[in-house]
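Undergrad: quick one: sequence plus predicted model below, questions after.
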Amino acid sequence: METITITFPQVKVNLGINDITFDTLENTVFDISQQIGGKVLEKALYDIDDNLRQIRQKGTLKNTGKRPKYLLTRLGDIRYKRTRYKDKEGNARYLLNEKLGLEKNQRISLSRAKIETLITTISTYRGAKQNVELLTGCTRSHEAIRQSVIKEAERIINYQNYSIEKAGRLQDKEENPEAPNDIAYVESDSTFIRLQRRRKRKGKVYILRTKHRPRKQKSIEVKLAIGYRDKMKRYRNGRGNGLKLKDKFTYVQIGDGKRFMEKLSFIAEKKLSISKAKAIIFGGDGGQYITNGIKDYFTGAIYILCKFHLKRNIKRALSSRPKAQSLLNELLRKDKIDKALSVLTRIITRTKDRKKKKLLKELHTYIDQNRQGINPIKKIKDKAIRDRIKGAGAMESNVDKFLAHRFKKRGMSWSVKGALSLLKVKETIANGEWDSWWHKDRDCPIQIDTKPLKQLSAKDFWKQKQTIPLIEATIPALRGPDQAEPWAKVLRRLQNINYYN
């Protein structure tokens with residue numbers, strides 16, 4: 001086995017002891033060790049490149065000389081030279097890059113990129129610039145850090161789409177070999193973040209759009225979902241009643257609600273095996289994309305309307321009527337929805353103010369459209385399952401921790417691409433996949449199958465050996481890995497008739 005020797009030089013530094021402090025001593029030692037480490041790293045790269053040059057196959061690669069390379073590392077910015085070769089086809093190759101796993105035009109090491117990307121999830125880009133400089137002793141512009149995050153997020157998004165595509169084509173192995181829980185929980189909500197104002201560049205002057213030319217879109221809707229198996233005590237010992245979510249995963253997306261729910265169903269199947277659960281609890285804020293998505297992709301799930309959003313809408317519409325608020329909440333708690341709607345109708349007829357009347361009508365529609373999500377647990381026939389369900393309600397705190405703390409601070413605005421990139425990075429960290437992404441999944445080859453899913457015909461089910469033609473087929477499950485198949489979509493449309501009756 002061939003080896004190389006890494007030698008650290010001996011260094012002596014004389015410091016004046018009169019004005020010395022521990023801070024200056026620490027910074028001096030750090031700067032010296034960083035400079036030494038950079039020189040040692042450059043020397044090691046030179047030795048490896050020289051070794052590869054000597055052991056290469058003669059006659060297959062032609063040496064065309066050295067080429068300089070610039071790389072950002074945890075030890076600082078280093079410059080070194082590597083040998084460039086040409087193969088028989090005339091293609092340029094760098095054996096050092098191939099040996100060390102460096103990509104073409106790579107300008108930053110993975111360790112430093114990991115540090116910078118992680119810091120951007122908890123700090124602004126300008127703050128990340130300062131924190132990275134404090135941590136590594138090297139300066140880099142906040143825009144360069146931002147572009148690095150966007151580039152890394154593109155890899156994460158492509159890998160996630162690849163995983164979902166594999167699940168849709170039944171090519172993915174089951175992630176949780178353990179027996180699934182009888183109850184699986186999924187919750188979803190959406191929030192808005194401010195959209196950046198578009199800028200038109202003319203020469204060196206940036207011209208912002210004025211009020212005379214209003215923008216069509218002022219905010220970005222971010223859809224967030226979580227899934228988990230159960231709620232358990234946060235601390236084993238002590239009297240605290242704090243709970244945590246078991247096997248929680250997070251999924252975030254910007255865009256179409258139908259596509260969001262479809263991808264969420266694949267991820268939930270992969271993480272929680274919801275097709276094997278006896279009960280699926282789906283909590284939501286009453287958004288139309290959620291109710292429609294439950295019918296299409298979470299068939300059989302028990303929909304629970306978020307009590308926070310329900311009470312907030314009641315309070316907003318009846319802000320000047322506290323007694324009516326209490327009456328409405330009490331009627332809904334007792335599952336007297338028709339009576340609550342009739343009370344609202346009487347209030348609407350007596351209200352003359354247009355704005356208040358509009359809010360009351362919206363509340364009436366909101367309650368009527370989401371009536372199946374009000375007190376649905378009481379309607380479950382299986383008492384053993386009903387007693388074990390702990391309800392939803394974990395979504396709001398997740399929205400606050402995942403989104404608000406980083407994306408909704410004062411003065412912040414985002415582009416769609418920039419917001420989605422940082423969201424996907426935060427999603428990877430929240431799901432506990434951060435380390436596995438850098439060491440395993442990042443280098444996973446992605447091969448997207450562009451062939452459409454094959455639609456089965458009746459001829460595919462004919463029994464060839466029997467004299468009497470016989471078609472054998474089983475009714476497919478409308479949830480699980482087969483839900484995106486064409487025949488599942490047809491059956492889903494048929495069963496949507498009188499869905500809640």
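TA: Done, it's in. Numbers count the residues shown, from 1 in each chain.
Undergrad: mind listing the helices for the stretch 401-501 of the chain?
TA: If DSSP state H, counting those that start in this stretch is used as the criterion, the helices of the stretch 401-501 of the chain fall at 405-407, 416-430, 434-439, 486-495.
Undergrad: can I assume Arg79 sits in a strand?
TA: Yes. Applying DSSP: H, G, I helix; E, B strand; the rest coil, one finds Arg79 inside a strand.
Undergrad: in the protein, which helix or strand is least confident?
TA: Comparing every helix and strand of the chain by mean pLDDT, DSSP states H and E singles out strand 205-208 as the least confident one, with a mean of 44.
Undergrad: can you name the next helix or strand after that strand?
TA: For strand 205-208, the following helix or strand on the C-terminal side (DSSP states H and E) is strand 219-228.
Undergrad: point out the most buried one among the helices of the stretch 401-501 of the chain.
TA: With neighbours defined by mean count of other C-beta atoms under 10 Å, none of the helices of the stretch 401-501 of the chain is more surrounded on average than helix 416-430, at a mean of 20. Using the backbone N, CA and C atoms, a C-beta is placed for each residue, glycine as well.
Undergrad: OK, contacts around Lys246?
TA: Listed by C-beta atoms under 8 Å, 6 or more residues apart in numbering, the contact partners of Lys246 are 228-232.
Undergrad: my bad, Ala44
TA: Under the contact definition (C-beta under 8 Å, 6+ apart), the residues listed for Ala44 are 4, 6.
Undergrad: tell me which helix or strand it sits in.
TA: According to DSSP H and E, Ala44 maps onto helix 22-55.
Undergrad: centre of the chain to that helix, how far?
TA: Average the C-alpha atoms of helix 22-55, do the same for its chain, and the two points are 37 Å apart (C-alpha atoms, centre = their mean, to the nearest Å).
Undergrad: show me what counts as buried in that helix.
TA: Using 16 or more other C-beta atoms under 10 Å as the burial criterion, the residues of helix 22-55 that qualify are 34, 37-38, 40-43, 45-46, 48-49, 51-52.
Undergrad: ok, stretch 229-238 next?
TA: Residues of stretch 229-238 classed as buried by neighbour count (16+ other C-beta under 10 Å): 229-231.
Undergrad: let me know which of the helices of the stretch 401-501 of the chain is the nearest to Asp335.
TA: helix 486-495 (25.5 Å; C-beta to C-beta).
Undergrad: pLDDT on that closest one, on average?
TA: Regarding helix 486-495, the rounded mean pLDDT is 68.
Undergrad: ok, stretch 329-349 next?
TA: Confidence over stretch 329-349, taken as the mean pLDDT, stands at 91.
Undergrad: which residues outside that stretch are in contact with it?
TA: Residues from elsewhere that reach stretch 329-349 (C-beta under 8 Å, 6+ apart): 310-311, 314, 318, 321, 324, 327-328, 357, 360-361, 363-364, 367-368, 371, 374-375, 378.
Undergrad: now, those residues that are in helices?
TA: Cross-referencing the contacts of stretch 329-349 against helices under DSSP state H gives 310-311, 314, 324, 327-328, 357, 360-361, 363-364, 367-368.
Undergrad: pretty sure Val13 sits in a helix.
TA: No. For Val13, which was evaluated using three-state DSSP, the result is coil, with no helix membership.
Undergrad: that one contacts Leu25, correct?
TA: No. Counting by C-beta atoms under 8 Å, Val13 sits too far from Leu25 to count as a contact (10.3 Å).
Undergrad: which residues touch stretch 301-313?
TA: When contacts are defined by C-beta under 8 Å, 6+ apart, stretch 301-313 is touched by residues 186, 189, 279-286, 290-291, 294, 329, 332, 362-363, 366-367, 370, 372-374, 376-377, 380, 391-393, 395-396, 479.
Undergrad: now do the end-to-end distance for that stretch.
TA: Using C-alpha to C-alpha, to the nearest Å, the span of stretch 301-313 from its first residue to its last is 24 Å.
Undergrad: I'd like the average pLDDT over it.
TA: Per-residue confidence for stretch 301-313 averages out to 90 on the pLDDT scale.
Undergrad: show me the chain divided up by domain.
TA: Under automatic domain parsing, the residue ranges defining each domain of the chain are 22-107, 458-495.
Undergrad: and those domains as TSV, adding distance to Ser342?
TA: Conversion of the domains of the chain to TSV gives the following (distance: least, C-beta to C-beta, whole Å):
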stretch	distance to Ser342
domain 22-107	66
domain 458-495	31
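Undergrad: least reliable of those domains going by mean pLDDT?
TA: When mean pLDDT is averaged over each of the domains of the chain, domain 458-495 scores lowest at a mean of 56.
Undergrad: what's the first helix or strand after the helix holding Ala44?
TA: Reading on from helix 22-55 to the C-terminus, the next helix or strand found by DSSP H and E is strand 62-73.
Undergrad: so which elements touch that following strand?
TA: Contact here means 3 or more C-beta pairs under 8 Å, 6 or more residues apart in numbering; DSSP states H and E; on that basis strand 62-73 packs against helix 22-55, strand 76-86, helix 110-120.
Undergrad: those into TSV, with extra columns for distance to Lys248?
TA: Supplementary listing: the helices and strands packed on strand 62-73 in TSV, determined by distance: least, C-beta to C-beta, whole Å:
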stretch	distance to Lys248
helix 22-55	38
strand 76-86	39
helix 110-120	20
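Undergrad: next up, the contacts around Gly257.
TA: Contacts here follow C-beta under 8 Å, 6+ apart; on that basis Gly257 touches 223, 287-290, 292-293.
Undergrad: out of these, which end up buried?
TA: Neighbour-count burial (16+ other C-beta under 10 Å) is assigned, among these, to 223, 287, 289-290, 293.
Undergrad: in JSON lines: those residues, plus distance to Asn181 and pLDDT.
TA: Below are the buried ones among the contacts of Gly257 laid out as JSON lines (distance: C-beta to C-beta, whole Å; pLDDT from 0 to 100):
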{"residue": "Lys223", "distance to Asn181": "25", "pLDDT": "93"}
{"residue": "Gly287", "distance to Asn181": "26", "pLDDT": "87"}
{"residue": "Tyr289", "distance to Asn181": "26", "pLDDT": "91"}
{"residue": "Ile290", "distance to Asn181": "22", "pLDDT": "91"}
{"residue": "Gly293", "distance to Asn181": "22", "pLDDT": "91"}
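Undergrad: list the contacts of the spatially closest residue to Ile380 that is not a sequence neighbour.
TA: Closest residue to Ile380 apart from its sequence neighbours, by C-beta to C-beta, 6 or more residues apart in numbering: Arg386 at 4.3 Å. Residues in contact with Arg386, defined by C-beta under 8 Å, 6+ apart, are 377-378, 380.
Undergrad: give me the element Arg386 is part of.
TA: Arg386 is located in helix 383-388, with elements delineated by DSSP H and E.
Undergrad: what are the buried residues along that helix?
TA: The neighbour-count check on helix 383-388 (16+ other C-beta under 10 Å) flags nothing as buried.
Undergrad: helix or strand next in line after that helix, which one?
TA: In the C-terminal direction, the helix or strand that comes right after helix 383-388 (DSSP H and E) is helix 395-399.
Undergrad: okay, and for the stretch 151-300 of the chain, where does confidence drop off?
TA: Along the stretch 151-300 of the chain, segments meeting pLDDT under 70 span 168-180, 198-217, 238-240.
Undergrad: tell me where it has helices.
TA: With DSSP H, counting those that start in this stretch as the criterion, the stretch 151-300 of the chain has helices spanning 257-272, 288-297.
Undergrad: next structured bit after the shortest one?
TA: If I follow you right, that is helix 288-297. strand 302-305.
Undergrad: C-alpha coordinates for that following strand, CSV please?
TA: Only the C-alpha atoms of strand 302-305 are listed here, as CSV (Å, rounded to 0.1, in the frame of the first residue of the first chain):
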residue,chain,number,x,y,z
ILE,A,302,-59.7,11.5,9.4
TYR,A,303,-59.6,15.2,8.8
ILE,A,304,-59.3,17.4,11.9
LEU,A,305,-59.8,21.2,11.6
